[in-house]
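Q: Sequence isn't available, so here's the structure alone:
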């Protein structure tokens with residue numbers, strides 16, 4: 001599955017803002033067989049572009065004050081952290097967060113008496129850390145500027161961005177005290193992997209984890225998994241692991257049937273979704289996409305960049321643009337005031353909720369389709 005010109009999503013912008021990286025760039029899926037992990041095929045140019053943008057002042061991560069819609073995500077992740085600290089973290093004193101964004105969780109932990117540090121390459125974390133009284137090392141992990149041992153390390157929506165996740169976790173294990181904990185949250189790609197659903201595709205995400213592959217990555221790094229579960233809110237997977245007192249053996253996995261199934265179904269689904277979209281354009285209907293980031297891979301396959309509308313509930317996205325797509329992002333009130341003929345709801349996690357909101361508001365949309373109604377949900381297809 002290759003997309004020749006996928007928009008390089010890394011910020012929301014006003015129309016005339018210049019980009020530091022190409023606005024559209026090739027994307028291709030690959031597979032790490034030993035981990036049974038679906039990945040973005042490693043392209044040195046893509047990695048160089050990502051390294052550049054992560055140092056820029058365009059943080060789009062969820063856990064920051066500007067993103068109201070992200071607060072339930074942060075609340076649920078904090079619940080998981082608190083459970084782990086209570087059950088296994090009785091001796092935890094020193095805590096490190098990697099990729100700390102707005103430093104919201106670190107501040108809370110500091111106020112509870114923990115000694116905290118954050119590591120993040122972006123300027124947002126530096127500013128927020130200073131405002132909240134949280135020390136921040138402005139760099140990528142691992143960094144020579146922070147070699148201290150800690151008792152607990154956590155990261156939210158970081159491990160999917162890392163080119164070498166096993167090595168990344170191994171470096172953390174080295175800085176952990178014996179029995180220390182590592183917690184991560186990653187996007188839940190179980191359905192995407194199982195059903196060949198490509199709305200999850202973006203250049204920033206180098207790894208697409210399901211429960212199996214996330215377990216394999218942690219165990220390959222020599223960590224003992226204590227808890228692995230799907231989030232209670234949103235579409236994430238949580239993992240809590242411990243640095244064991246003795247070395248653990250990891251048996252590399254073999255077989256590519258998972259990847260072959262994904263490729264087969266992704267082609268089927270791409271054809272199904274794009275044909276539905278093309279049908280709307282042929283009928284000269286007005287077309288809209290709710291949760292538009294998820295629409296970009298399908299639009300890229302059709303090389304469609306205009307003649308439709310985008311809608312999203314994220315407040316700081318309003319009236320902004322994705323690089324490479326000249327379509328302004330509107331909100332629910334705009335949709336109510338000026339409905340479209342055909343609306344594609346691209347979120348599987350929140351699709352039904354968005355649909356019910358539209359129906360309850362008596363917005364007249366002749367054709368309303370949720371993404372999971374358009375894709376094949378059967379691996380035996």
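A: Noted; the coordinates are in hand. Predicted model only: the values in this text are computed from it and were never measured.

Q: Show me the shaky parts of the protein.
A: Counting by pLDDT under 70, the chain has low-confidence residues at 59-69, 378-381.

Q: hmm, try it at 50
A: 380-381 (pLDDT under 50).

Q: Would you mark the buried spots in the lengthiest helix in it?
A: Longest helix in the chain by number of residues (criterion: DSSP state H): helix 257-282. Residues of helix 257-282 classed as buried: 258-259, 261-263, 265-266, 269-270, 273-274, 276-277, 280 (neighbour count, 16 or more other Cβ atoms under 10 Å). Just so you know, the C-beta spots here come from the backbone N, C-alpha and C atoms, and that holds for glycine as well.

Q: need the residues you listed in TSV with distance to residue 187, can you?
A: Output for the buried residues of helix 257-282, formatted as TSV (distance: Cβ to Cβ, whole Å):
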residue	distance to residue 187
258	18
259	18
261	20
262	16
263	20
265	19
266	17
269	18
270	20
273	20
274	23
276	25
277	24
280	28
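
Q: what's the spacing between the longest helix of the chain and its chain's center?
A: 21 Å (Cα atoms, centre = their mean, to the nearest Å).

Q: I'd like to know which elements that helix is packed against.
A: strand 24-32, strand 37-40, helix 190-195, strand 287-290, helix 296-302, strand 342-345, helix 371-374 (3 or more Cβ pairs under 8 Å, 6 or more residues apart in numbering; DSSP states H and E).

Q: just so I know, which of these lies nearest residue 155?
A: strand 37-40 (17.3 Å; Cβ to Cβ).

Q: Within the sheet, what are the partner strands of the closest one, with directions?
A: Neighbouring strands of strand 37-40 in its sheet, by DSSP bridges, are strand 24-32 (antiparallel), strand 207-208 (antiparallel).

Q: which of those sits most buried?
A: Among these, strand 207-208 has the highest mean neighbour count (mean count of other Cβ atoms under 10 Å), at a mean of 23.

Q: just checking, what packs against whichever helix or strand comes after that one?
A: As assigned by DSSP states H and E, the chain's next helix or strand after strand 207-208 is helix 211-220. Here helix 211-220 touches strand 37-40, helix 165-175, strand 176-187, strand 224-230, strand 236-242, going by 3+ Cβ pairs under 8 Å, 6+ apart.
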